[in-house]
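Engineer: Following is a predicted model, sequence given first.
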Amino acid sequence: MSDTLQDLVETAKTHHREGRLHLAEKFYREALAAAPAHAEALHGLGMLCLETRRGEEAVKHLRLAAAEDGSAAICNNLGVALTRLQRFAEAAEVFRQAVAAEPDSVQSLGNLGSVLVLQGRNDEALAILEKAAALAPDRAEVNAPLGSTLLALHRPAEAVPYLEKAVAHEPRRHEIRADLGSALIRCGRFREAAAAFNAVLALNPASVQALCGLGEALGGLDRHEDAAAHFARALALAPGIALLHYNYGSALAFLGRSEEARRAFARAAALDPAVPSYRYAAMATKKTAPDDPHLQALEAMVVHAERYPAAEQAELHMALAKAYDDLEAYSRAFEHLKQGNAIKRSLVAYDEEKELAAMKAVAAVFGKEFLAARAGQGDPSPLPIFIVGMPRSGTSLVEQILASHPAVYGAGERTDLPDLVGAGEAGADFPSNVAGLTLEALRHLGERIVAKLSALAPKATHVTDKLPGNFLYIGLIRLMLPRARIVHVRRNALDTCFSCFTKLFDGNVPYTYDLGELGRYYRAYAALMAHWRAVLPEGAMVEIDYEALVADFEPQTRRLLAACGLDWDARCLDFHKTRRNVRTASTFQVRQPLYQSAVGRAAGYEAWLAPLRAALEDAS
């Protein structure tokens, strides 16, 4: 065997390539004994050490190799070794050297972008990964970190296609599938998210991330029993993760298991005491006492509120507002309400002019003659009961009463109708093109709504859809489903709006975080409801006043049931005993017996509500 230096290196590389690592190491070391600065031998020995989990030694040899030959290949491998040792700042610097050596190297750009993600430098990472993706659109090692970065930057809809491409090329990389599932959840695509997390669990049944993600997806599908079960499985594997306890508590709350939910939220706060949302959730389950430890912790946290992301600052202020309201310290409560809502308002997009114009446009199209000319031509099913009104007006209470009837299934806040309209199924640019829909098309739209609701409870005589904002579509409902029941729940304007102002909503209600915007929205809603009263035929819509309902409960409940075509059933009076999922801001309230404390809700805050009163004007 030749003992020249290059022969030693080539022999080492052959043994290395064919898996004879002990012989490869022997020849690399012999070569380096003869020439300690030989870049190729240093590189080979460094990679061998990396493969055999000798990270520090790998870095040593690769750093010497890079000093002799600063090629992109050697710098990339040194960066990988440093990354595995979690020395991210050093790795980033080395990957920058690789990019400098080969500016259009997809591998170098991908590596640099990935390590910047690990450092939390997402904006910088995004620019680099987008350049890499433009050079190689189908490379999983680029698409995966790019998708993950977009997800971290709260851009899930943009993240999904990159993650899908990465999964297609590397289907067994369960961490990519998990990121895809998380992005799909943020997009509201819960069925697809559940499929992604189930695929992760098929690869790794003990994946806590997948169990937690699947629980979230199932919760989004209103399968809260299944969601709770998956969170419980995850907690059995990782009982020290605060977020798991919080998610478990949320699922329990939807199921009406309030005491268990309270304990889960308290456990989350104990494990991670600096997260405002955990304390906010815990405090929402009970009335605050002056010595409540959550209150004391929040008071300490708010002193340094600027340390938290804006969304958590909003939760921090709203949690304190709730606590001070419980203690009837109204001045302090309102100050935190004002701050929390202002922060939340800065985070949401709301085009007031467009929203109010939409209500006027609906009234202009759906006149009495327009409705009469198309009356009775839609799907004849009496299955749906639409419960509409402003948020916090009592719609959840009314649905709970109806859902306590054995013939009724309470489906909660469904988005079937706005989704249908948003997709252009009711004519492009709703409502301007509704007149162009044929009677057959209207009937078909009604059939689709009925099919979705019927699938939820095939044996039910009626299924409720309690999306408050469906008041915008009452005219369309009459055309599609002329026998559907429509229940409008209304409450004192000031109480309704102020109650909205005390909540951070999960859904699309961006008009509730400014008193002026809130009052003007209510006024426009009230005008549209007055229009519906004027143009709908007698009996097409029953209106329930919240104050009358709680003051004269049984007669009003009898009236409600009769208007919905339901026989009297005394179980509706014990609505708080009905066990069902409630996915609204009223989750805990509808589990309680009837109470009248919400009447006059705004009374303690009269001194600060002048902007709301001015915006409401004569609305009632």
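Structural biologist: Arrived safely, thanks for sending. Residues are numbered from 1 along each chain as shown.
Engineer: can you give me the strands for the stretch 501-620 of the chain?
Structural biologist: 542-545 (DSSP state E, counting those that start in this stretch).
Engineer: which stretches of it have low pLDDT?
Structural biologist: By pLDDT under 70, the weakly predicted segments of the stretch 501-620 of the chain are 578-597, 618-620.
Engineer: Give me the residues contacting the strand or helix carrying His336.
Structural biologist: Using DSSP states H and E, His336 falls within helix 330-347. Helix 330-347 has contacts (Cβ atoms under 8 Å, 6 or more residues apart in numbering) with 302, 310-311, 313-318, 320-325, 501-502, 504, 510, 512-514, 604-605, 608. Placement of C-beta: from N, CA and C, glycine included.
Engineer: What of stretch 303-316?
Structural biologist: 275-277, 280, 298, 301-302, 317, 340-341, 343-344, 346-347, 504.
Engineer: Check Ala253 and give its pLDDT.
Structural biologist: We have a pLDDT of 89 for Ala253.
Engineer: Need the nearest residue in space to it, chain neighbours excluded.
Structural biologist: Ala261 (4.1 Å; Cβ to Cβ, 6 or more residues apart in numbering).
Engineer: If we go by neighbour counts, what in stretch 600-611 is buried?
Structural biologist: Of the residues in stretch 600-611, 601-602, 604-605, 608-609 count as buried by neighbour count, 16 or more other Cβ atoms under 10 Å.
Engineer: Cross the residues you listed against helices and list the overlap.
Structural biologist: Residues of these located in helices (DSSP state H): none.
Engineer: Leaving out the residues flanking it, which one is nearest to the spatially most central residue of the chain?
Structural biologist: The residue lying closest to the centre of the chain (Cα atoms, centre = their mean) is Arg186, at 4.7 Å. Excluding the flanking residues, the one nearest Arg186 by Cβ to Cβ, 6+ apart is Pro156, at 3.6 Å.
Engineer: can you tell me which residues contact that neighbour?
Structural biologist: Applying Cβ under 8 Å, 6+ apart, we find Pro156 in contact with 150, 182-187.
Engineer: please redo it, this time with the cut-off set to 7 Å
Structural biologist: 183, 186-187 (Cβ atoms under 7 Å, 6 or more residues apart in numbering).
Engineer: now those residues as JSON lines including distance to Gly424?
Structural biologist: JSON lines is the format used below for the contacts of Pro156 (distance: Cβ to Cβ, whole Å):
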{"residue": "Ala183", "distance to Gly424": "25"}
{"residue": "Arg186", "distance to Gly424": "24"}
{"residue": "Cys187", "distance to Gly424": "19"}
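Engineer: Filter these down to just the ones in helices.
Structural biologist: In this view, those that belong to helices under DSSP H are 183, 186.
Engineer: which one of the contacts of Pro156 is nearest Val450?
Structural biologist: Taking Cβ to Cβ as the measure, Val450 lies nearest Cys187 of the contacts of Pro156, at 26.5 Å.
Engineer: Surely the closest one touches Ala159?
Structural biologist: No - counting by Cβ atoms under 7 Å, Cys187 stays clear of Ala159, with 8.9 Å between them.
Engineer: The two - which one has more neighbours?
Structural biologist: Ala159 (26 against 14; other Cβ atoms under 10 Å).
Engineer: Can you tell me how far that one is from Asn143?
Structural biologist: Using Cβ to Cβ, to the nearest Å, we find Ala159 at a distance of 10 Å from Asn143.
Engineer: so where is the chain shaky, pLDDT-wise?
Structural biologist: Counting by pLDDT under 70, the chain has low-confidence residues at 1-3, 578-597, 618-620.
Engineer: quick check: domain ranges of the protein?
Structural biologist: What automatic domain parsing lists as the domains of the chain is 281-347, 354-616.
Engineer: Straight-line length of the shortest one, end to end?
Structural biologist: Taking Cα to Cα, to the nearest Å, domain 281-347 runs 20 Å from one end to the other.
Engineer: cool, and the longest one?
Structural biologist: From the first residue to the last, domain 354-616 extends over 19 Å; the measure is Cα to Cα.
Engineer: overlap in contacts of Cys187 and Ala159?
Structural biologist: Counting by Cβ under 7 Å, 6+ apart, nothing touches both Cys187 and Ala159.
Engineer: all strands in this structure, in order from the N-terminus.
Structural biologist: Taking DSSP state E to define them, one finds strands in the chain at 384-389, 408-410, 462-465, 485-490, 542-545.
Engineer: Now find how far off-centre the third one is within its chain.
Structural biologist: Meaning strand 462-465. Computed by Cα atoms, centre = their mean, to the nearest Å, the chain-centroid distance of strand 462-465 equals 25 Å.
Engineer: still on that earlier bit, just give me the neighbour total for the residue nearest to Ala253.
Structural biologist: When neighbours are defined as other Cβ under 10 Å, Ala261 has 25 of them.
Engineer: for Pro309, same thing?
Structural biologist: Using other Cβ under 10 Å, Pro309 has 10 other residues around it.
Engineer: Ala144 versus that one, what's the distance?
Structural biologist: Between Pro309 and Ala144 the distance is 25 Å, computed by Cβ to Cβ.
Engineer: Next: Tyr605.
Structural biologist: 50 Å.
Engineer: same question, Glu547
Structural biologist: With Cβ to Cβ as the criterion, Glu547 and Ala144 are 56 Å apart.
Engineer: Which of those two has more residues huddled nearby?
Structural biologist: Between Glu547 and Ala144, counted using other Cβ under 10 Å, the more crowded position is Ala144 (25 against 16).
Engineer: Apart from its chain neighbours, what residue comes closest to the more buried one?
Structural biologist: Ala166 (3.9 Å).
Engineer: Over to Pro382?
Structural biologist: Looking at Pro382 with Cβ to Cβ, 6+ apart, the closest residue is Arg483, at 4.3 Å.
Engineer: What's the local residue count around the one you found?
Structural biologist: Arg483: 15 surrounding residues under other Cβ under 10 Å.
Engineer: what do you get for Leu255?
Structural biologist: 19.
Engineer: just use 415 as the starting number from now, easier for me
Structural biologist: With the count now opening at 415, the last piece we talked about shows up as Leu669.
Engineer: shouldn't it be in contact with Arg637?
Structural biologist: No - if you go by Cβ under 7 Å, Leu669 and Arg637 don't touch, sitting 10.7 Å apart.
Engineer: And Glu769, how close does it get to Asn922?
Structural biologist: Going from Glu769 to Asn922 by Cβ to Cβ gives 11 Å.
Engineer: neighbour-wise, which of the two wins?
Structural biologist: Higher neighbour count among Glu769 and Asn922: Glu769, with 16 against 11, using other Cβ under 10 Å.
Engineer: list the contacts for that one?
Structural biologist: Contacts for Glu769 (Cβ under 7 Å, 6+ apart) come out as 925, 935.
Engineer: ok, 8 Å please
Structural biologist: Neighbouring residues of Glu769 by Cβ under 8 Å, 6+ apart: 925, 935, 938.
Engineer: Need those residues in a markdown table (columns: distance to Ala479 and neighbour count).
Structural biologist: Shown next, in a markdown table, are those (distance: Cβ to Cβ, whole Å; neighbours: other Cβ atoms under 10 Å):
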| residue | distance to Ala479 | neighbour count |
| --- | --- | --- |
| Tyr925 | 62 | 23 |
| Tyr935 | 66 | 24 |
| Ala938 | 70 | 20 |
